[in-house]
Each structure stands twice: as structure tokens, then as C-alpha cells.
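# Build me a model:
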Amino acid sequence: MRAVLCGYYGMGNGGDEALLATLLQMLPAGVTPVVLSGNPVETAQRYGVETVPRKALGPVIRALRGAEVLIWGGGSLLQDATSLQNPIYYGGLMVLAQWLGLKTIAWGQGIGPLSHPLSQGLGRYALGHCNAVSVRDNGSAAWLARWHVPGMQAPDPVWALDAAPVDGLWDLPAPRVAVALRPHPWLTESRLDQFTQALASFQKATQTCLLLVPFQPIKDLPIAEYIQPRLPGPSRIYALDNPHQLKGLFRGVEMTLGMRLHALIMAAAEGCRCFGLSYDPKVSHLMTDLDLPGFDLNPQAVSHRWPDTPEQMTQAWLEVYANGDPLSPEQISSRVDRALMHQDLLRDVLLP
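Okay, here's the model as predicted:
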């Protein structure tokens, strides 16, 4: 059986690469994946899979005609916060596969925000005609309920991703704290400067080694490079392209300050204390689910408001560093076990 895998793959985003790695890990034996990728050569080399350029219409249609299944593979594919192109591309691809007679699976999805009637209608139609749907949070499940689309909710599949060791990590001074920021209009220059001042004070107080982790280097690396020279103590930038190592990095970390959703998921899964910096409902959903402390970058936020001063920010981090608790082994095991429900769904549809 050939399955076309569609997601934000080959675009240099560590979270989406982690979803692809998890999906490949969970696919039943005997299923041959064909991955739609923004960088087909790199994806083929990294995972040893057949690839097709994601925006090349002719090759994509040929791939669909030669397959039995399309798997819409994880992440925030159905949202129009960044662009209306997202739901049109992914929804259109799903509908095309359904018209061609393929089985279709929406796997590990994060749905929303969806503000445009076109994206809502396309999402409802595409998901309503899937053979199976799984979502990763309460907000996504609420969209399914609103649309009367049957589906399963389980923790993000990346909870179950196998972690791999990172060369040289254990040679760095301990304790270590990871920082994973991304650009966003709400992370203004003044806020980034405030964050950097607070981080420098935090490092002085804790004598920690700071690991700056750009999950999507083309976007996140400039932020890490802005922060690093302003830190008073040891630091290192880790731009890892292997998702298994990216998750393994957090095994050697005491605490994570995370704006990237999958930084928080990976850190929590590896037993790390976490502090969330929410810019999107998906991060807020995770913070609520895990009862994580954090700040909300939204200027209209009612709770978890962004602090007025660097000192308040530093104090909040010091409190978590000194007194915060990571998830217990039982809590982690429970989420990993439930994340494997996404694997069970694949088996149920692909191996009837």
C-alpha cells in the first residue's frame, strides 16, 4: 500500500519535521510512504523515503493517482491566522484525494484559528469526508463538534517520538536551561530586549548554561543570535535538523522557556520544567492541559499577562526554576500512551 503524506514538511521547521518523523515511526509495516516536501532531496536523504515537490501540481496528482491513501499529517495545517493559502492548499489537496477515490486520514491535527468563511467551509467539507480524523487538543475537538464531524482526541503525536542523544551536550556546564523563541508581531523589539535583560539576570542568579534552540532556523536563528552576545554566562545555539536529537536535547535540560509548541511538548515529555510563552491558542491549550506557568504575548490577554518589567519576568522564572515541578513519570507515560492512539487509528484504517 502506498500512502501520500502531506504536511508542512521540508520547510525547515523542527516541530513539523518531528511530526513527520513520528508519523513514519507509527506507519504500519507494509505501507510505503510518499512524502510531499518543500525540500524533496533533503527529506529523501534524511528519512530514506520517496518524495515529491509539495507545490508541483503534476507530480502531486501523479503521486495521488499511484496511491491508496492520503494522510494529512499533523500540525496546524487547517488555520488561516498566517494565510488563507494554508486551508486552501491543504483542504484542496484533501478534497482532490477524496475525488480520486483515495482513503483520507486527518492525523494529529490542530484546527484553528479559522476566521474566514471559506476556510471554515473547506475544513468542514474535507474533514467531514475523511475515513478517520484525530486531533490533538480541546480547541480542535471543539471545531469537530461544531461541524458534527466524528473524530478522536489524543495528545500531540510528538509525545511518542523516540529521542536520540546529542553529541557534546553533556560536556556543557550544568545546570542547563533551554530557550525556544520564534518571531511574531507581538514579540516586538522592545519586548525582545526586555526578555533578553530578564534572561541575563536569570542566568546571573542561577549560574545556568543557556541553550538557545531555533526550531525553524531561517526564522528563529536571528533571535538567538541577538540574545546570545548579551548573556553574561555560558551559552550555545543548537540548530538541530534531526527531530529525534531535537527531542533528545531536552533530556539534558533542567527547564525550558518555550514559545514554540513542540519545544514545550518535547521538554515536558523528557521530564523538564516548562514555562510557556503563548502567541497562539495551540500554546495556550497546551499550557492549560499541562497546568504550565507562562506569559501570553497577546496585548489583549486577560490572564498570564506579559510583565511590565524585566525584573518581574526574571522573578517568575526563578520561582519555577526553584520550586516548579516537571511532569511526573506517570503523567508522561499516560500522555505517551494516549499519543499512541494516533498509531492505532492508522492501523485501523490501513490494516482493516
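
# Other residues contacting stretch 203-213?
172-180, 199, 202, 224, 227-228, 231-240, 246, 249, 253-254, 263, 314, 318, 321 (Cβ atoms under 8 Å, 6 or more residues apart in numbering). Quick note: C-beta positions are derived from backbone N, CA and C, even for glycine.

# Test my guess that I105 contacts R347.
No. I105 is beyond contact range of R347, at 11.2 Å (criterion: Cβ atoms under 8 Å).

# Tell me which of these two has more neighbours.
Neighbours of I105 and R347, each counted by other Cβ atoms under 10 Å, are more numerous for I105; the result is 26 against 13.

# Run through the residues that contact that one.
Applying Cβ under 8 Å, 6+ apart, the residues near I105 are V69, L70, I71, W72, C130, N131, A132, V133, L345, L346, V349.

# That one should be in a strand, yeah?
Yes. The assignment for I105 by DSSP: H, G, I helix; E, B strand; the rest coil puts it in a strand.

# Distance of it relative to A3?
9 Å (Cβ to Cβ, to the nearest Å).

# Same check on G48?
15 Å.

# So for those two, which residue has more residues nearby?
A3 (24 against 9).

# Who are the packing partners of the strand or helix carrying D344?
Per DSSP states H and E, D344 falls inside helix 341-350. Packed against helix 341-350, as judged by 3 or more Cβ pairs under 8 Å, 6 or more residues apart in numbering; DSSP states H and E, are the following elements: helix 14-26, strand 69-75, strand 103-109, strand 132-135.

# go again using 10 Å as the cut-off
On a contact count with 3 or more Cβ pairs under 10 Å, 6 or more residues apart in numbering; DSSP states H and E, helix 341-350 meets helix 14-26, strand 69-75, strand 103-109, strand 132-135, strand 152-153.

# Now do the third one and strand 69-75, the angle between them.
Going back to what we said before, that points to strand 103-109. Following axes from the mean of the first three to the mean of the last three Cα atoms, to 10 degrees, one obtains 10 degrees for the angle between strand 103-109 and strand 69-75.

# so for strand 103-109, what's the average pLDDT?
Mean pLDDT, computed over strand 103-109, is 97.

# Can you get me the centre-to-centre distance for the very next helix or strand once past that strand and its chain?
Later in the chain than strand 103-109, the nearest helix or strand by DSSP H and E is helix 117-128. Relative to the centre of its chain, helix 117-128 is centred 22 Å away, using Cα atoms, centre = their mean, to the nearest Å.

# Make 556 the starting number, not 1.
OK, 556 is where the count begins now, so the last one is helix 672-683.

# Which residues belonging to the helix holding D899 are considered buried?
M896, H897, Q898, L900, L901, V904, L905 (16 or more other Cβ atoms under 10 Å).

# ok, the fifth one to V704 distance?
According to Cβ to Cβ, L901 stands 18 Å off from V704.

# go on, the fourth one?
Summarising the geometry, the distance separating L900 from V704, computed by Cβ to Cβ, is 14 Å.

# same question, the last one
As defined by Cβ to Cβ, L905 lies at a distance of 20 Å from V704.

# Leaving out chain neighbours, which residue sits closest to M566?
Leaving aside its chain neighbours, M566 sits nearest to G593 (4.4 Å; criterion: Cβ to Cβ, 6 or more residues apart in numbering).

# Show the pLDDT at the one you found.
Reported pLDDT for G593: 97.

# quick one, domains of the protein?
Following automatic domain parsing, the chain resolves into domains at 557-708, 724-885.

# Rebuild these as TSV, extending it with distance to L716.
Listed next are those as TSV, based on distance: least, Cβ to Cβ, whole Å:
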stretch	distance to L716
domain 557-708	5
domain 724-885	5
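
# Which one of the ones you listed lies nearest to W714?
Comparison of the domains of the chain against W714 by Cβ to Cβ identifies domain 724-885 as nearest, at 5.2 Å.

# mind checking the end-to-end distance for the closest one?
In domain 724-885, first residue to last residue: 26 Å (Cα to Cα, to the nearest Å).

# Over to stretch 792-809?
End-to-end span of stretch 792-809 (Cα to Cα): 17 Å.

# what pLDDT, on average, does that stretch get?
pLDDT averaged over stretch 792-809 gives 97.

# go on, stretch 892-907?
Here the average pLDDT along stretch 892-907 is 95.

# Stretch 721-741 now?
Stretch 721-741 comes out at a mean pLDDT of 97.

# I'd like the buried residues of helix 896-905 as CSV, with distance to L882 appended.
Listed next are the buried residues of helix 896-905 as CSV, based on distance: Cβ to Cβ, whole Å:
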residue, distance to L882
M896, 18
H897, 19
Q898, 21
L900, 24
L901, 26
V904, 30
L905, 31
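
# Just the buried residues of stretch 635-655, please?
D635, N641, P642, Y645, G646, L648, M649, L651, A652, Q653.

# pretty sure S839 contacts S833?
Yes. S839 lies in contact with S833 (Cβ atoms under 10 Å); the separation is 4.7 Å.

# what do these two both touch?
L847, G849, D851, N853, A856, H859 (Cβ atoms under 10 Å, 6 or more residues apart in numbering).

# Quick one: neighbours of the first one, just the number.
What that stands for is L847. Neighbours of L847 (other Cβ under 10 Å): 23.

# what's the helix or strand for the residue nearest to it when sequence neighbours are not counted?
Using Cβ to Cβ, 6+ apart and skipping residues adjacent in sequence, the residue nearest L847 is G831, 4.7 Å away. In the assignment (DSSP H and E), G831 maps to strand 828-833.

# which strands and helices sit next to the next helix or strand after that strand?
Using DSSP H and E, the next helix or strand after strand 828-833 towards the C-terminus is helix 836-845. Applying 3+ Cβ pairs under 10 Å, 6+ apart, we find helix 836-845 packed against helix 693-702, strand 810-813, helix 816-824, strand 828-833, strand 849-851, helix 884-894.
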